[in-house]
Structure formats: C-alpha cells, structure tokens
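**Q** My questions concern the predicted model and sequence given below.
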Amino acid sequence: MNLQQAKQLIKDHPGQFYTYLLKRPDGRPFYIGKGNCKGFRIEEHGKEALSLKCLNSYKRNIIKKIWEEGQQIDYEIVLFTKFEELAFDKEIELINFYGRKNNGTGILSNMTDGGEGCIGHVVTKECREKISNACKGKTISEEQRKRLSEFHTGLGHSEETKQKLSFSHKRENLSKETLQRMSEASKGNIPWNKGLVGVQIGSRKGQHHSETTKRILSESSKGNTHRRGCILSEETKKKMSEAAKGRTAWNKGRIGVYSDETKRLMSVAKKGIPLSDIHKQNLSKSHNRIVGGVI
C-alpha cells in the first residue's frame, strides 16, 4: 500500500499502536518500526530522508534511491494492538527475523534490535570520531554545572535498579569469558601510584560518620561471615608477606590508641566466636616463642 492508504488505515484504528514495515518496490523490507495513533510515525521517514540531520544514513540512501528511480516506498502494517508492549515485541521479532545490515545479520537498515531504548545499537568508527572531534575543547560553564548539580540533587535509584546494579557488580555473577577479558585487559598495566609514597590522602581524613551512618554500617555488616574460615594458599600468603615487608604498623610503639569503650566493644564482638584449629596452633606457637625468649 502507499503512504495515503497506510495513514487512512491508521485512522481507522483509533487509540491503537501498530508495527509496520517499509519495503522496496520489489517487496523486500528495509526497515521495521512501531508507531501510535497520536502521530504518523510511518510518514516521518520520508521527511528524515530529505533532512541532512538524519542519523540513519543507510535508510536515507535507500529511500532516496527509490525516489530517484521514480518509484515509491511500499508500506505494510502487520499489527494493530491496544498494548504498546505487544507492538514492541512484534518489532523485535521482525528485526530478529530479517536481521540488520549494520551488524551483518540481515537486510534491514534498523540501527537497533527494536523495542524501547537503543539495545544492540552499533556506533561506527566514523561516528565515534565525529562525536570526539565535536566534544574536543568544549568546557562546561559554571552556570551549566550548577544546573546539572541541582537537577541531580536528590535523585536516586529505585530498589529494583539497586538490585540489578548489585547483581551485575558481583564477581560471582560474571561469566568466565568476562573475567578472562578483564584479566587480559589489565595485564601489563602499572598502577599510577606504584613506588610512590604519600601521594594519596584520604578524602574523609579528619571527618567522622554521623550516628545514622554508623548505625546503617553496623546493621549491614551483621552476620557477614563470607570470609570466616577462609584458608589462604601458600602462594597468597607469600605475596602478602612480600607486600608487607618494610612497612611499619600504624600503631607500633604507641600506647593507648584504643579507648576503653573500643576495647570493650572489640571484646564483646569476639566473644562466642570459635577459633579454628589452625588459628589455635598459630597462637600456641606465638606464645611458646614469647615464653622461650625468642621475642
């Protein structure tokens, strides 16, 4: 059908969403999209082809070539529905079926996998260079920084987003392939502060947590036993030993660094915690060395 027929068909289905195809004159689809009754998204592609600001150059070139040959775009609406999610699902299904040209999976000019957002979007090297060149030398004014700060103040993640972020950042949830890539990427990297002394100063030095923060930290750490009973390998122990050589303990030679209240809390925290056999043996050896005059 032509554009006018497609628009009339949309008018005949008020209040509904739709999924459509743009086709070449020979019937081959080159774009899959989703629209709604509030506007004729289906006709915007022709207008975009006439604009120099069209981001999808592949789709624009197809449309212009069709016009240059004296022909018109063929339109097909494959679904009308009252539910936007169904229209998105159909869009994703069709894009997956025909495949995309920009990632080598098919014939479509779509830049993404469909649905809401930009999932699967491929940014070309040329596009990345243009963005980079456009941003070089630009600085954010103080006024703009203030507006950005005011806009983000008070914004927070939803509980669902927090859970997703927490899950994605946990090492045990990463695949072996991801861990391998992370390992390969970090090989040969030298920490910027390696061999330097006194280059880091705590951002919170001299500051103290509020009572509310202390309570939250205390509650969150209760029952945390993820490293209790952990046995280190000899290789790990050797690395830790080598790294600690030459360092001076922050409390060496100092007396009274812990208040009586802190000592009491430390004592209470350790009560009832059983010692492992290895811990008992190490304490016994240490005690014997002291009694024997070695230390």
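**A** Yes, it's here.
**Q** All the helices of the stretch 1-150 of the chain, residue numbers only.
**A** 3-11, 41-49, 57-68, 84-98, 125-135, 142-152 (DSSP state H, counting those that start in this stretch).
**Q** Summarise which helices and strands the longest one is packed against.
**A** Read it as helix 84-98. Other elements packing on helix 84-98 under the criterion 3 or more Cβ pairs under 8 Å, 6 or more residues apart in numbering; DSSP states H and E are strand 17-23, strand 29-36, strand 74-81. (C-beta placed from N, C-alpha, C; glycine too.)
**Q** how far off strand 29-36 does it point, in degrees?
**A** If you take axes from the mean of the first three to the mean of the last three Cα atoms, to 10 degrees, helix 84-98 sits at 180 degrees to strand 29-36.
**Q** Measure how far helix 84-98 is from the centre of its chain, please.
**A** Relative to the chain's own centre, helix 84-98 is displaced by 24 Å; criterion: Cα atoms, centre = their mean, to the nearest Å.
**Q** Leaving out the residues flanking it, which one is nearest to L275?
**A** The shortest distance from L275 to any non-neighbouring residue, by Cβ to Cβ, 6 or more residues apart in numbering, is to L283 (7.5 Å).
**Q** Confirm that the one you found sits in a strand.
**A** No: with DSSP: H, G, I helix; E, B strand; the rest coil as the criterion, L283 is helix rather than part of a strand.
**Q** Distance-wise, check it relative to I66.
**A** Distance of L283 to I66, computed by Cβ to Cβ, to the nearest Å: 84 Å.
**Q** neighbour count winner among those two?
**A** I66 (19 against 11; other Cβ atoms under 10 Å).
**Q** pLDDT below threshold where in the stretch 151-295 of the chain?
**A** The stretch 151-295 of the chain contains residues with pLDDT under 70 at 155, 198-206, 224-229, 289-295.
**Q** The closest residue to P25 other than its chain neighbours: neighbour count?
**A** With sequence-adjacent residues excluded and distances taken as Cβ to Cβ, 6+ apart, P25 is closest to Q71, at 4.5 Å. For Q71, the count of nearby residues is 12 (other Cβ under 10 Å).
**Q** D113 and F83: what is the separation?
**A** Going from D113 to F83 by Cβ to Cβ gives 20 Å.
**Q** Between these two, point out the one with more neighbours.
**A** D113 (17 against 10).
**Q** what does the model give I107 for pLDDT?
**A** Per-residue pLDDT puts I107 at 92.
**Q** This completes my enquiry, with thanks.
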